[in-house]
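# I'll drop the sequence and a predicted model, then ask my questions.
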Amino acid sequence: MKVKAKIYKPTKTATQSGYGKTKKWVLEYLADDNSINPLMGWSSSSNTMSEVKLYFDSKDQAVEYANKNNIEFMIIDNNKRSVVKKSYTDNFLE
């Protein structure tokens with residue numbers, strides 16, 4: 001089975017502290033025939049669907065869309081970040 005799309009939830013960017021663009025799930029088509037453009041030296045593809053990103057409110061909606069449109073996909077789950085609450089006073093105790 002050749003994967004044509006991936007479904008994932010974006011992670012927080014390293015330069016921002018907010019989680020604003022991490023709420024929705026993304027279905028992103030994968031480029032299967034990357035090549036080097038001989039004129040400019042840029043990478044290019046004849047598949048324009050690789051530039052398409054679809055946003056969904058839930059993973060189930062994205063999977064349902066892919067199944068309904070016969071799109072082969074893989075789901076990429078993110079690791080959950082564990083937050084350890086610390087206090088400044090913990091530096092001086094013990």
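Sure thing, it's come through.

# Could I get the contacting residues of Ile71?
Applying C-beta atoms under 8 Å, 6 or more residues apart in numbering, we find Ile71 in contact with Lys4, Ala5, Leu27, Tyr65. No exception for glycine: its C-beta is placed from N, CA and C like everyone else's.

# what's the distance between the residue nearest to Asp32 when sequence neighbours are not counted and Val83?
Spatially, and ignoring its direct neighbours in sequence, Asp32 is nearest to Asn47 (6.2 Å; C-beta to C-beta, 6 or more residues apart in numbering). To Val83, Asn47 is 40 Å away according to C-beta to C-beta, to the nearest Å.

# Pick out whichever of those two has more residues nearby.
Taking other C-beta atoms under 10 Å, Asn47 and Val83 do not tie; Asn47 has more neighbours (14 against 6).

# separation between the more buried one and Ala31?
Asn47 is 6 Å from Ala31, by C-beta to C-beta.

# Flag the helix or strand of the chain with the lowest per-element mean pLDDT.
strand 43-44 (a mean of 76; mean pLDDT, DSSP states H and E).

# and that one, what does it pack onto?
With contacts defined as 3 or more C-beta pairs under 8 Å, 6 or more residues apart in numbering; DSSP states H and E, strand 43-44 has these neighbours: strand 35-36.

# Mind listing residues that contact the strand it packs on?
The contact list for strand 35-36 (C-beta under 8 Å, 6+ apart) reads Trp42, Ser43, Ser44, Ser45.

# which among those gets closest to Asn91?
Ser43 (48.8 Å; C-beta to C-beta).

# Wait, that closest one touches Asn37, no?
Yes - between Ser43 and Asn37 there is a contact under C-beta atoms under 8 Å: 7.3 Å.
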